[in-house]
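1. Fold the following and give me the result.
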Amino acid sequence: MTRIQHPTYEQLAALPAYTEQPVPVAFEDSNGHLNVRHYLGIGSEGLDESLVDLGIPQNWPLVAGHACFSAEHHVWYLDELRTGDRMSVRVRLLGRSERAAHVLVYILDDTRERVSCAFEEIFLHIDLADRRTAPWPDDVAAALDARIAEHAALPFPAATSGALALH
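-> Below is the predicted model of the structure:
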């Protein structure tokens, strides 16, 4: 099995931070660290925050009848987060198709300055009128394209699983 070389904490820390918070006591498991079930939730919150300035507000379903639905994930648990550790989320958009987007989401341990978790995701644009995929609205597509180009120019490679792809 080939080991994926993820970006370093220092490389990712240069990206905007989302969902900055300490690990809550309620999220701790019997091993004394962040329970596995919370990683996707925390990362998804950060992804949602990162999409706001691209024209995808968190109340998009209510104000426009559109939504983003997750379709696939690949998760890497790299280092534990413990109760009270400061954490943040960083997002790197990789690409989009007419109805979907491909992203890497990183959860950083800001207390110990390390990458705790990374996940790769495909998410879909949904028209809630019929709850089916639909083309991205033009303004959102343009904003996604601009962010994708910005992230493609980052000075470190985008380490992906090779298992997820846009169609």
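
2. Select the longest helix from this protein.
-> In the chain, taking DSSP state H as the definition, the longest helix is helix 138-152.

3. Please export the C-alpha coordinates of it as CSV.
-> Written as CSV, here are the backbone C-alpha positions of helix 138-152 (Å, rounded to 0.1, in the frame of the first residue of the first chain):
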residue,chain,number,x,y,z
ASP,A,138,-23.9,30.3,-13.1
ASP,A,139,-22.7,32.6,-10.3
VAL,A,140,-21.8,29.7,-8.0
ALA,A,141,-20.1,27.8,-10.9
ALA,A,142,-17.9,30.9,-11.6
ALA,A,143,-17.0,31.3,-7.9
LEU,A,144,-16.2,27.6,-7.6
ASP,A,145,-14.0,27.8,-10.8
ALA,A,146,-12.1,30.8,-9.4
ARG,A,147,-11.5,29.1,-6.0
ILE,A,148,-10.4,25.9,-7.8
ALA,A,149,-7.9,27.8,-9.9
GLU,A,150,-6.6,29.6,-6.7
HIS,A,151,-6.2,26.2,-4.9
ALA,A,152,-4.6,24.6,-8.0
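
4. Now for residue 33, how many residues are close by?
-> The local packing count at residue 33 equals 17, with neighbours defined by other Cβ atoms under 10 Å. (C-beta placed from N, C-alpha, C; glycine too.)

5. likewise residue 147?
-> For residue 147, the neighbour count with other Cβ under 10 Å is 20.

6. Mind pulling up the pLDDT for it?
-> In the prediction, the pLDDT value recorded for residue 147 is 98.

7. where along this structure do the helices fall?
-> With DSSP H applied, the chain shows helices at 9-13, 39-51, 60-64, 138-152, listed in chain order.
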